[in-house]
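need a 3D model of the following:
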Amino acid sequence: MELEVGSRAPPFELVEPLTGQTVSLQDFEGAPALLVMFICNHCPFVKMLKEEIKRVTDEYMGQGLSVVAISSNCVETKPLDSPEEMKKDCVEYGYNFPYLYDETQEVAKAYKAACTPEFFVFSKSGRRPFQLEYHGQFDDARPSNDIKPTGADLRKALDHVLSGRKVDFMQKPSIGCNIKWKPGNEPEYFQG
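Okay, the predicted model is just below:
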């Protein structure tokens, strides 16, 4: 079960540990496109992409893309994903986008997020709500292969969305570490 292409972006209102400010979906209303990433600090699949995520987001933010990253992992079982550690990641990698903490894990559930990293690209036209155009992988790079991260799949999706075209190519699902659900908080779609 996943958020289907064409779905509206689920609303969110979460705190950004770095600034202490609350950020919501409404804060991005003026953007033609929005990238929502579920990431974390500890996962090797995310760690290998962090520098390229920074390059890709910087490049496309210059073209009008808005970006938000969300960490939904249980910090009791994964203390490296705590808000304090998230702040350190923001500074170390120079993220120019909000990196939000989903303590209740309700936003991850609303997006039907399953792993880190996971990428959702939404388009927006005028007053219409954000609409999901792409839900897929960053690229084919994995910790277990020698492929250099480039963001090829995500870049292709962003090029399509920012130029007003439909994403008409196969969307490969993200592969990574399962979201670390709080005990008893696992969603129905979780097969863990």
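
roughly how far apart are Glu186 and Pro117?
Separation of Glu186 from Pro117 (Cβ to Cβ, to the nearest Å) stands at 20 Å. Using the backbone N, CA and C atoms, a C-beta is placed for each residue, glycine as well.

likewise Gly184?
To Pro117, Gly184 is 25 Å away according to Cβ to Cβ.

again with Asp168
23 Å.

neighbour-wise, which of these two wins?
Higher neighbour count among Asp168 and Pro117: Pro117, with 25 against 6, using other Cβ atoms under 10 Å.

got the confidence number for the more buried one?
Per-residue confidence (pLDDT) for Pro117: 98.

can you offset everything so residue one is 37?
Done: numbering now begins at 37, and the last item shifts to Pro153.

I'd assumed Ile211 was in contact with it.
No. Pro153 lies out of contact with Ile211 (Cβ atoms under 8 Å); the separation is 9.0 Å.

between the two, what contacts are shared?
Residues within reach of Pro153 and of Ile211 at once, by Cβ atoms under 8 Å, 6 or more residues apart in numbering, are Phe81.

please name the nearest non-neighbouring residue to the residue positioned nearest the centre of the chain.
Nearest residue to the geometric centre of the chain (Cα atoms, centre = their mean): Met73, 0.4 Å. Excluding the flanking residues, the one nearest Met73 by Cβ to Cβ, 6 or more residues apart in numbering is Ala105, at 4.5 Å.

following the helix or strand containing that neighbour, which helix or strand shows up next?
Ala105 is located in strand 101-107, with elements delineated by DSSP states H and E. Downstream of strand 101-107, the first helix or strand assigned by DSSP H and E is helix 119-129.

list the helices and strands the helix or strand following that next one packs on?
Counting by DSSP H and E, the next helix or strand C-terminal to helix 119-129 is strand 135-137. Judged by 3 or more Cβ pairs under 8 Å, 6 or more residues apart in numbering; DSSP states H and E, strand 135-137 is in contact with strand 49-51, strand 101-107, helix 119-129.

noted, bye for now.
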